[in-house]
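Trainee: Okay, structure incoming, though there's no sequence with it:
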């Protein structure tokens, strides 16, 4: 089976423990950032899939995976959680949150017709 994706550190050992074999390599910094960004999309899709299946406990697990990947990307890019929180707070002050459930359907710039 071909996987060609970033996996958690202990996965190769788990594969060997059950008597199976695998090959893997360690990524350089550039490859790692690309793989983490791909993993973010993969994990976000899994959150969405769990939502469609109405499996709330699975959704929480997938959100934990998503957070783990985001935290790793943050660290890899040289940011701290304090910097991230400052950026989050700035964005919330400037643009708000998502708590009011606002769903923008259309907008028109001055001079444009609806």
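Mentor: Cool, the structure landed. Because the structure is predicted, anything quoted here is derived from the model rather than measured.

Trainee: residues contacting the residue most central in space within the chain?
Mentor: The chain has residue 40 as the residue nearest its centroid, 2.9 Å off, counting by C-alpha atoms, centre = their mean. By C-beta atoms under 8 Å, 6 or more residues apart in numbering, the residues touching residue 40 are 66, 69, 70, 73. (Each C-beta comes from the backbone N, C-alpha and C, glycine too.)

Trainee: do you know how far the last one is from residue 20?
Mentor: Just to be clear, that refers to residue 73. For residue 73, the distance to residue 20 (C-beta to C-beta, to the nearest Å) stands at 29 Å.

Trainee: Also residue 108?
Mentor: Taking C-beta to C-beta as the measure, residue 108 falls 58 Å from residue 20.

Trainee: Residue 38 now?
Mentor: Residue 38 sits 24 Å away from residue 20, going by C-beta to C-beta.

Trainee: In terms of packing, which of residue 73 and residue 20 has more residues around it?
Mentor: Neighbour count, other C-beta atoms under 10 Å: between residue 73 and residue 20, residue 73 has more, with 17 against 9.

Trainee: residue ranges of the helices in this structure, please?
Mentor: 11-17, 29-52, 56-76, 81-95 (DSSP state H).

Trainee: can you list those in TSV and add distance to residue 5 and mean pLDDT?
Mentor: Listed next are the helices of the chain as TSV, based on distance: least, C-beta to C-beta, whole Å; pLDDT from 0 to 100:
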stretch	distance to residue 5	mean pLDDT
helix 11-17	10	96
helix 29-52	7	95
helix 56-76	12	94
helix 81-95	25	97
